[in-house]
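Enquirer: Sharing a model that was predicted from the sequence below.
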Amino acid sequence: MVELTQLMENEVFMAFASYTTIVLSKMMFMSTATAFYRLTRKVFANPEDCAGFGKGENAKKYLRTDDRVERVRRAHLNDLENIVPFLGIGLLYSLSGPDLSTAILHFRLFVGARIYHTIAYLIPLPQPNRALAFFLGYGVTLSMAYRLLRSRLYL
């Protein structure tokens, strides 16, 4: 069994941990940004969230949708759909003994693509900016999965 000290000496694993921390922090920021937009624009999804702004019919006017809130929320959902597979596949990939420079390239491309995707979503930048960022990140995860399956797993 691998001890924690051995993991801490594994440069690829430490690089994965570093880039994972960046991308997870970005994802946490997105939930905060969604809450910020909901509060500043007084746009809520649930009646109990409106309680501080009035009661009864007065509170119901805050139960609505807003383009900016929805844009941030969709960017956050997209993060959830893409970062979770990266975490699982990236962890297995980082423990499979890949070349350090290749692994770091994978991690940097993924994190850069996710950050650019968020910028393209929130500003918004014209397509194909967001689509290219999405497919780059998705392609990186697929590349790690392929390399992992080809080199380490017994099928």
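Expert: Looks like it came in fine. Numbers count the residues shown, from 1 in each chain.

Enquirer: where does the residue lying closest to F16 once chain neighbours are set aside land on pLDDT?
Expert: Using CB to CB, 6 or more residues apart in numbering and skipping residues adjacent in sequence, the residue nearest F16 is S94, 3.8 Å away. C-beta here means a position set from N, CA and C on the backbone, and glycine is covered the same way. Listed pLDDT for S94 reads 95.

Enquirer: gap between S94 and K61?
Expert: 50 Å (CB to CB, to the nearest Å).

Enquirer: of these two, who's got more company?
Expert: S94 (25 against 11; other CB atoms under 10 Å).

Enquirer: contacting residues around the more buried one?
Expert: When contacts are counted by CB atoms under 8 Å, 6 or more residues apart in numbering, S94 touches N10, V12, F13, A15, F16, A103.

Enquirer: Could you check how far it is from T40?
Expert: 39 Å.

Enquirer: swap in I123?
Expert: As defined by CB to CB, I123 lies at a distance of 18 Å from T40.

Enquirer: before we move on, what about A113?
Expert: Distance of A113 to T40, computed by CB to CB: 29 Å.

Enquirer: got the buried residues for the longest helix seen in the chain?
Expert: Determined from DSSP state H, the single longest helix within the chain is helix 11-41. By neighbour count on 16 or more other CB atoms under 10 Å, the buried set for helix 11-41 is 12-13, 15-17, 19-20, 22-23, 26-27, 30, 33-34, 37-38.

Enquirer: Okay then, goodbye and thanks.
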